[in-house]
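A.B. asks: Sequence and predicted model, in that order:
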Amino acid sequence: MKNLIGIEDFSKEEIDKLIEISKDIMTNKTKYIDKCKGKILATLFFEPSTRTRLSFESAMLSLGGNVIGFSSASNSSTSKGESLADTIKVVSGYSDIIAMRHPKEGAPVVAADNSNVPIINAGDGGHNHPTQTLLDLLTISKEKGHIDDLVVGLCGDLKYGRTVHSLVTALSLYSNIRFVFISPKELKMPEYVKTTILDKKGIPYIETNDLEGSIPELDVLYMTRIQRERFSDIAVYERLKDVYILDKKKLENAKKDLSILHPLPRVNEISVDVDDDQRACYFRQAENGRYMRMAIILKLLGEIDFENKSHDNAIIDNNLRCQNDKCITLEERGLKPLVIKDDNGKIRCKYCEHDISVI
Ligand code: NCD
């Protein structure tokens, strides 16, 4: 069974193929209009969304398929106390593929373990967002003509922003990438991304809080929203919310071919006066999402050959409990205490990947 839980479910070759297919869909739309005729996509969004849900729905409709679903947990039986596992067991009987978004980290792993149809992670808490990453890569490839040999700046909420975690993981597959992580000290890139992905592969990165000073050397600048909904102390959010505002003035010393990306929604972090600059790619990026999600659906429904790596190398350890208060294991009833050993020998929660070696 094929799922897309984290970007590591796809190899570099598969990612490149998805990019190639997305580009083909854009130029040859009619070739694809019947590819999913008779198939049903369920979009289960336990957390708000505009682009991700609607572009998934638009993607399935553009492939000739149909769509069912809900757009908030309050419209589903979750509000009556139903477990995620039960919801998925039922919905997988009504659909051929499920795209889901959930506030708890690791929730799509629970879904995949209870589904008869492919599960697509459309965002799990502050953890991962692999389909956003695939459309980000498509955007970089279209705008720059290549994904290798780039200095990539990521700016804003690197701690809670799930898009940047998946994006750094994916970009680590390409050659000669250098990262500049721009954030306040409270919102730095999580340790697990830096140690298990970048340090392990010897990929260079620097951490700074200086946006303006970093801009001149960047080929790509990926701006992100400060993730209000993930702060336990709202006073900290209020203090940090407008820490970075990209405007025309800050772009004065930027490269002429800089690409400015943002997963959207934007709050204040990019001033609207940047929108008519050719280097602002974010609305083109959002549109790319429709075509990339068409490619993802085709792949997971077996219309395109690919080999899927499994998340199923987990073992049960009754002595370990995940300590991450945002993990799905703290909410969902009856989950086995499943752990995985990473390449550095650390024991991690199977669901949210937090290090649980030392408690
Ligand atoms: C992002 C998300 O949901 O993580 N949005 C999106 O999917 N396009 C970014 C965000 O909400 O800030």
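C.D. replies: Received the coordinates, thanks.

A.B. asks: What's the end-to-end length of stretch 119-129?
C.D. replies: 13 Å (CA to CA, to the nearest Å).

A.B. asks: just stretch 323-341 next, same as before
C.D. replies: Per CA to CA, the first residue of stretch 323-341 is 16 Å away from its last.

A.B. asks: got the buried residues for it?
C.D. replies: For stretch 323-341, the neighbour count (16 or more other CB atoms under 10 Å) marks Asn324, Lys326, Cys327, Ile328, Thr329, Leu330, Glu332, Leu335, Pro337, Leu338, Val339, Ile340 as buried. No exception for glycine: its C-beta is placed from N, CA and C like everyone else's.

A.B. asks: contacts for the helix or strand where Glu14 lies?
C.D. replies: Assigned by DSSP states H and E, Glu14 belongs to helix 12-27. With CB atoms under 8 Å, 6 or more residues apart in numbering as the test, helix 12-27 has contacts from 7, 10, 31-32, 134, 137-138, 141-142, 170, 173-174, 288, 291-292, 294-296, 298-299, 304, 306-307.

A.B. asks: Now with 7 Å, please.
C.D. replies: 32, 134, 137-138, 141, 170, 173, 291-292, 294-296, 298-299, 304, 306 (CB atoms under 7 Å, 6 or more residues apart in numbering).

A.B. asks: got it, and stretch 242-252?
C.D. replies: Here stretch 242-252 has contacts from 155-156, 184, 211-212, 215, 223, 268-271, 273-274, 277, using CB under 7 Å, 6+ apart.

A.B. asks: buried subset of these?
C.D. replies: Buried among those by 16+ other CB under 10 Å: Cys155, Gly156, Pro184, Leu211, Ile215, Met223, Glu269, Ile270, Val274.

A.B. asks: Ile147: neighbouring residues, count only.
C.D. replies: Other residues lying near Ile147 total 23 when counted by other CB atoms under 10 Å.

A.B. asks: for Ala59, that is, sorry about that
C.D. replies: 27.

A.B. asks: Show me what the mean pLDDT comes to for the helix holding Glu14.
C.D. replies: Mean pLDDT, computed over helix 12-27, is 97.

A.B. asks: and it, how far out from the chain's middle?
C.D. replies: 17 Å (CA atoms, centre = their mean, to the nearest Å).

A.B. asks: following the helix or strand containing Ser141, which helix or strand shows up next?
C.D. replies: Counting by DSSP H and E, the element that carries Ser141 is helix 130-144. Counting by DSSP H and E, the next helix or strand C-terminal to helix 130-144 is strand 150-155.

A.B. asks: who does that next one pair up with?
C.D. replies: Strand pairing for strand 150-155, using DSSP bridges, gives strand 177-182 (parallel), strand 220-223 (parallel).

A.B. asks: Give me the residues contacting that strand.
C.D. replies: So strand 150-155 is contacted by 144, 164, 171, 177-183, 211, 214, 217-224, 244 (CB under 7 Å, 6+ apart).
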